[in-house]
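A.B. asks: Kindly generate the corresponding structure for this input.
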Amino acid sequence: MFGIFLGLALLMFLAYRGWSIIWVAPITAGVVALTGGLNLLEAYRDTYMAGFVDFAGDWFPVFMLGAIFGKLMEDTGMARSVAEAITKVIGTKRAILGVLTSAAVLTYGGVSLFVVVFAVYPLALALFREADISRRLLPATIALGAFTFTMTAIPGTPQIQNLIPMEAYQTNAAAAPVMGISAALVMAVGGYYYLRWREGKLRTNGERFTEPKDKNEMNEEGRVPHWILSLLPLVIVIFTLNVLNWDIIVALISGIILIMLLNLSMIKSFTKAMNAGASGSVIAIVNTSAAVGFGAVVQAVPGFERLTALVLNIQGGPLVSQAAAVNVLAGATGSASGGMSIALDALGEQYYQLALETGIPPEAFHRVASIASGGLDALPHNGAVLTLLAVTGMTHKEAYKDIFVVAVFIPVLSVIVAILINLTGLV
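C.D. replies: The predicted model follows:
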């Protein structure tokens, strides 16, 4: 067990220092293998790469199609059109609400979290400038809309963090709606009022909007499609996935085709957008697969059986122990999907049997696993957090405290709420 914790600590430390998990994960997996008595070369060639390849084989189509869908939404102006329409309704005086709502709609519509950051930032910058709000809060506002309740809690979301538990628990994307909506309200309302409180506090301290050092706001001028047309691809992905119960791959392809049909005048630019989306998806899947490969080595050492026993015996019931396991592994890897995959690959079958034995609906396990994955994953070494800070031109010192509150602290509290809701008999 010491080797497992040493490997996890080393992985977190090196990732926080900015070292790529692509090559850090196999090195730290080697630490786990050596201290666990495994043959180093066999652990890498067989165990690590088996976990890496299995995850990539299962989820690469979803990563790729999701990235292509998001890139087409961005390049056709549809993402900006939806964001601007929402902002017009909400108003610039409620800039924080406008930004987080825009990010939330795009995320729930199936747009990749990374693409949402790029799509929403230009609009967010303009709104914060007009409302004279400190840019310190801009990353946390986007994070609240994209990295929290629409990623894990709202039933039916097509984000991968909500899809991974389906196989383990034989459920669908809309599993446990009451638990999910309750947790989503905690995250959305709690995060929004925290940011409004912070806005007032910063204003009192004399902190107002300041122009970014890089004047390039990445804001593409020109006409964009009507917001109703722009909303249709998002709606079709949600509808086909949750109402028609189509596979997520088919649902995303449907959205991609609709984007193309609605923007035939831009047909010459489709190849470039699809190439960029596909290329971007490779880095995302490799990062996550590297984390899963590390988890495969952890599972192979003898100490993991003892660790499993400790997790399963956490007081409070199987939902509590599952939430703890998913949160810890998501935090260690800096990846919600990677950490949850490790936990469910190792413990999913046991938790499913516990669901059947205890009478707790498998849907409850699905929702708790999904919500828990979106807690400690957003620690400073998380890839999406690093991308967000880079795009907004902010540093960890300037903005991470607020990101931590809305994307780590409050989501962890929401898991507790979801579990308590289950105790009432509602799912």
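
A.B. asks: Show me which parts of the host helix or strand of Ala284 are buried, residue by residue.
C.D. replies: Under the criterion of DSSP states H and E, Ala284 resides in helix 267-300. For helix 267-300, burial by neighbour count (16 or more other C-beta atoms under 10 Å) applies to 270, 273-274, 276-277, 280-281, 284-300. All C-beta spots, glycine's among them, are computed from the backbone N, C-alpha and C.

A.B. asks: Lowest mean pLDDT among the helices and strands of the chain, which one is it?
C.D. replies: In the chain, the helix or strand scored least confidently by mean pLDDT, DSSP states H and E is helix 303-312, which has a mean of 79.

A.B. asks: which parts of that helix are buried?
C.D. replies: Quick answer for helix 303-312 (16+ other C-beta under 10 Å): 303-304, 307-308, 311.

A.B. asks: Can you name every helix or strand that that helix contacts?
C.D. replies: When contacts are defined as 3 or more C-beta pairs under 8 Å, 6 or more residues apart in numbering; DSSP states H and E, helix 303-312 packs onto helix 2-16, helix 318-333, helix 336-358.

A.B. asks: Tell me which of those helices lies nearest to Ile249.
C.D. replies: helix 336-358 (16.1 Å; C-beta to C-beta).

A.B. asks: what angle do the next helix or strand after the closest one and helix 318-333 make?
C.D. replies: Remark: after helix 336-358, the chain's next helix or strand is helix 362-373, criterion DSSP H and E. Counting by axes from the mean of the first three to the mean of the last three C-alpha atoms, to 10 degrees, helix 362-373 lies at 30 degrees to helix 318-333.

A.B. asks: now for helix 362-373, which elements pack on it?
C.D. replies: So helix 362-373, by 3+ C-beta pairs under 8 Å, 6+ apart, packs with helix 149-152, helix 160-169, helix 177-204, helix 318-333, helix 336-358, helix 410-423.

A.B. asks: For Leu8, find the nearest of these.
C.D. replies: Within these, the stretch nearest Leu8 is helix 318-333; the backing value is 4.3 Å (C-beta to C-beta).

A.B. asks: What lies in contact with that closest one?
C.D. replies: 8, 11-12, 21, 291, 294-295, 311-314, 336, 338-340, 342-344, 347, 351, 354-355, 358, 360, 364-365, 368-369, 371-377, 379, 412, 415, 419, 422 (C-beta atoms under 8 Å, 6 or more residues apart in numbering).

A.B. asks: cool, stretch 279-292 as well?
C.D. replies: So stretch 279-292 is contacted by 20-22, 25-26, 51-56, 59-60, 63-64, 66-68, 71, 112, 114, 333-335, 337-339, 341-342, 345, 383 (C-beta under 8 Å, 6+ apart).

A.B. asks: cutoff 7 Å now
C.D. replies: For stretch 279-292, the surrounding residues in contact (C-beta atoms under 7 Å, 6 or more residues apart in numbering) are 21-22, 25, 51-52, 55-56, 59-60, 63-64, 67, 333, 335, 337-338, 341-342, 383.

A.B. asks: cool, and stretch 15-28?
C.D. replies: 7, 10-11, 14, 44, 48, 286-287, 290-291, 293-294, 334, 380-381.

A.B. asks: Tell me where the model's unsure across the stretch 101-250 of the chain.
C.D. replies: Along the stretch 101-250 of the chain, segments meeting pLDDT under 70 span 214-222.
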